[in-house]
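Undergrad: I need the structure of the sequence given here:
(chains A, B, C and D)
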2 protein chains.
Amino acid sequence: MEDRQVSVGKRDRYSLRGRVYESIREDILSGRYPQNMELKETAIGAELGVSRTPVREALRQLELEGLVNIIPNRGAFVNRITAKDVQDIYIIRSMLEGQCVRWATEYITEGQLEDLEETLCLSEYHTKKGNYEKLYELDSLFHEQLYRASNSRILNHVLSDFHDYVKRVRRATIASRERSVKSTEEHRAIFEAVKARDADRAEELAKEHVKHTIECIQGYGLDRIL
Amino acid sequence: MEDRQVSVGKRDRYSLRGRVYESIREDILSGRYPQNMELKETAIGAELGVSRTPVREALRQLELEGLVNIIPNRGAFVNRITAKDVQDIYIIRSMLEGQCVRWATEYITEGQLEDLEETLCLSEYHTKKGNYEKLYELDSLFHEQLYRASNSRILNHVLSDFHDYVKRVRRATIASRERSVKSTEEHRAIFEAVKARDADRAEELAKEHVKHTIECIQGYGLDRIL
DNA sequence: CGACAAATAATTGTATACAATAATACAAAA
DNA sequence: TTTTGTATTATTGTATACAATTATTTGTCG
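TA: As a prediction, the model looks like this:
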């Protein structure tokens, strides 16, 4: 049995189960479902035009992520991310993003550096234009590229999840001229430090980058976003 | 719709799906399944005396944890924790356990402090006795109690997962007189710092505690354990 | 009218049937 | 012998049927 390891990478969006999973997940993270709403298998299945089987599988996965509470023989209930969860995630992310770029300075390849710089250039372009939706996507991409460059399956996994969980918050913070400009500048600084293989500086910058986002959030009033 | 939030806490071990999940998970984490082994639904179902349905649900959950790779229409393949994963986990845990006790100094209740001390007393007793299996359980309990005391759903979730992933390693390290004595002493010190609400000291001690375990592991030769 | 109990309905848990896809075996041709 | 196309088999993906459990309604009695 030779190495048939297939880098799965992205989630399965093509099977019914995958689509149902993404759909429910998005509905929870985007706030369309209220806290503790009961998710009935037949209802969701009917809504999406599929049978109960893929719905069940999706719900079981969401349970593991903590986005759904399953009470045996009773049902599945929405478990939204709370304001405190978001704050906790940002504090934890601050540490982990620091470690991430530290590892990245060690492991990143020339090719990955080029990809990062390309993302960065695009970001700077769209920052000038004030194209916030595109900017949000590029922000996500920049961080995901760093996660991969850390060469740590574990760290990548945790950070990707967190990154997803605070999607809505990130989208909100980036949609301000002041913060988007600052954020892109910080990305540039992090990139330069990583490229120069300066681990200490890169870590410090990455931690600060996340912390600045927290401050931005607190100015906003989290409850308004969630 | 009033607050029917039921603290789910532990995983579902009573439904078929829950049992199948625990079973496969244990078989992967304990190393009984080789890397990239194909997990066929019918075979596992037959082995455990259940149909494919609960097996499928369990496999989908394990996929999300990263313990199984699912290739659509092809099958599910074992994805074991590697030696590098373990090292990464310990480095990450070092940071997160530090933050955990920091929050614990802020949020822990008198009742939780008493519970912790009780665990600690038992640990000290069984350390003297050299009862390593019991000691392993108490070590797990001590950390879980701290996770809960952090009052952070998110941190608790991540740390609990990591804690589980390195089960085998922890069991191995604790089964040495020298390390077990040292470990229990460190637990006592952490407890005292948390009780005294000394966040800085508690964080420092917790980080060191995990780092000492890493050193112990490296002395061991990880490959022998995995 | 309210409390309790039985009957009924709704919902989840599991097993199985069928469809779609991928792997394998085998035969024919180069 | 190697290659390639096809038939067969095995396996997963989805739907549905049935069982077990829980929620709801309804009816009776006080």
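
Undergrad: pick out the residue closest to the middle of chain A.
TA: Residue closest to the average C-alpha location in chain A (CA atoms, centre = their mean): residue A:163, at 2.1 Å.

Undergrad: list the contacts for that residue?
TA: Counting by CB atoms under 8 Å, 6 or more residues apart in numbering or on different chains, residue A:163 makes contact with A:93, A:140, A:143, A:144, A:147, A:170. Backbone N, C-alpha and C define where each C-beta goes, glycine included.

Undergrad: give the contact list for the second one.
TA: This points to residue A:140. Residue A:140 neighbours (CB under 8 Å, 6+ apart): A:163, A:170.

Undergrad: now the helix or strand where it lies: mean pLDDT?
TA: Per DSSP states H and E: residue A:140 is located in helix A:132-149. For helix A:132-149, mean pLDDT rounds to 96.

Undergrad: next, the buried residues of the helix or strand just after it.
TA: Remark: after helix A:132-149, the chain's next helix or strand is helix A:153-165, criterion DSSP H and E. Across helix A:153-165, burial judged by 16 or more other CB atoms under 10 Å in any protein chain shown covers A:153, A:154, A:155, A:156, A:157, A:158, A:159, A:161, A:162, A:163, A:165.

Undergrad: closest to DNA strand D out of the residues you listed?
TA: Of all the buried residues of helix A:153-165, DNA strand D sits closest to residue A:157, with 20.9 Å by CB to the nearest atom of the strand.

Undergrad: pLDDT value on the closest one, please?
TA: With respect to pLDDT, residue A:157 has a value of 94.

Undergrad: check what pLDDT the residue nearest to residue A:189 when sequence neighbours are not counted gets.
TA: Among residues not flanking residue A:189 along the chain, residue A:205 sits closest, at 5.3 Å (CB to CB, 6 or more residues apart in numbering or on different chains). pLDDT, residue A:205: 98.

Undergrad: wait, residue A:205 sits on residue A:190?
TA: Yes. Under the criterion of CB atoms under 8 Å, residue A:205 makes contact with residue A:190 at 4.8 Å.

Undergrad: check which residues of the longest helix seen in chain A are buried.
TA: What stands out as the longest helix in chain A, according to DSSP state H, is helix A:83-107. Within helix A:83-107, the residues scored as buried using 16+ other CB under 10 Å are A:85-105.

Undergrad: one step back: show me what contacts the residue nearest to residue A:189?
TA: In this structure, residue A:205 makes contact with A:101, A:186, A:189, A:190, A:193, judged by CB under 8 Å, 6+ apart.

Undergrad: what about residue A:206, neighbour count?
TA: Burial measure for residue A:206: 29 neighbouring residues, criterion other CB atoms under 10 Å in any protein chain shown.

Undergrad: now do the strand or helix carrying it: distance to the chain's middle.
TA: Secondary structure from DSSP H and E places residue A:206 in helix A:199-220. Centroid separation between helix A:199-220 and its chain, computed with CA atoms, centre = their mean, to the nearest Å, is 16 Å.

Undergrad: same question for stretch A:94-102.
TA: Stretch A:94-102 sits 15 Å away from the centroid of its parent chain (CA atoms, centre = their mean).

Undergrad: that stretch vs chain B: in contact?
TA: Yes. Stretch A:94-102 comes into contact with chain B (CB under 8 Å from any CB of the partner chain), by way of A:95, A:96, A:99.

Undergrad: can you list contacts of that stretch?
TA: Residues contacting stretch A:94-102 (CB under 8 Å, 6+ apart): A:143, A:146-147, A:150, A:152, A:155, A:158-159, A:162, A:190, A:193-194, A:199, A:202-207, A:209-211, A:214, B:91-92, B:95-96, B:99.

Undergrad: tabulate the CA atom coordinates of it in PDB.
TA: Taking C-alpha atoms only, stretch A:94-102 is exported to PDB below (Å, rounded to 0.1, in the frame of the first residue of the first chain):
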ATOM      1  CA  SER A  94      -3.600  36.300  18.700                       C
ATOM      2  CA  MET A  95      -1.300  33.600  20.300                       C
ATOM      3  CA  LEU A  96      -1.800  31.100  17.600                       C
ATOM      4  CA  GLU A  97      -1.300  33.500  14.700                       C
ATOM      5  CA  GLY A  98       1.900  34.500  16.400                       C
ATOM      6  CA  GLN A  99       3.100  30.900  16.500                       C
ATOM      7  CA  CYS A 100       1.900  30.400  12.900                       C
ATOM      8  CA  VAL A 101       4.100  33.000  11.400                       C
ATOM      9  CA  ARG A 102       7.000  31.900  13.600                       C
END
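
Undergrad: tell me the pLDDT of residue A:64.
TA: Looking at residue A:64, its pLDDT reads 87.

Undergrad: I figured it hits residue B:58, correct?
TA: No. Counting by CB under 8 Å, residue A:64 does not reach residue B:58; the two are 10.6 Å apart.

Undergrad: which one of the two has more residues nearby?
TA: Neighbour count, other CB under 10 Å: between residue A:64 and residue B:58, residue B:58 has more, with 28 against 19.

Undergrad: doesn't residue B:16 make contact with the more buried one?
TA: No. Contact criterion CB under 8 Å: residue B:58 and residue B:16 do not qualify, at 9.0 Å.

Undergrad: so where is chain A shaky, pLDDT-wise?
TA: Residues of chain A that meet the criterion pLDDT under 70 lie in A:1-11, A:224-225.

Undergrad: what does it have sitting close to DNA strand C?
TA: Proximity of chain A to DNA strand C, by CB under 7 Å from any atom of the strand, involves residues A:38-42, A:52-53, A:56, A:70, A:72-76.

Undergrad: so what touches stretch A:180-199?
TA: Under the contact criterion CB under 8 Å, 6+ apart, stretch A:180-199 has outside partners A:101-102, A:104-106, A:108, A:113, A:116-117, A:120, A:123-124, A:127, A:130, A:132, A:135, A:139, A:142, A:146, A:149, A:174, A:201-202, A:205-206, A:208-209, A:212-213.

Undergrad: recalculate using a threshold of 6 Å.
TA: A:101-102, A:104-105, A:113, A:116, A:120, A:123-124, A:127, A:135, A:142, A:174, A:201-202, A:205-206, A:209 (CB atoms under 6 Å, 6 or more residues apart in numbering or on different chains).

Undergrad: just the C-alpha atoms of stretch A:149-163, please, in CSV.
TA: Output of stretch A:149-163 as CSV, limited to C-alpha atoms (Å, rounded to 0.1, in the frame of the first residue of the first chain):
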residue,chain,number,x,y,z
ALA,A,149,3.0,27.9,5.3
SER,A,150,3.3,27.1,9.0
ASN,A,151,3.6,23.5,7.8
SER,A,152,1.5,22.4,10.8
ARG,A,153,-1.5,20.3,10.1
ILE,A,154,-2.8,20.8,13.6
LEU,A,155,-2.3,24.6,13.8
ASN,A,156,-3.8,25.0,10.3
HIS,A,157,-6.8,23.0,11.3
VAL,A,158,-7.6,25.0,14.5
LEU,A,159,-6.9,28.4,13.0
SER,A,160,-9.0,27.7,9.9
ASP,A,161,-11.9,26.8,12.1
PHE,A,162,-11.6,29.9,14.2
HIS,A,163,-11.1,32.0,11.1
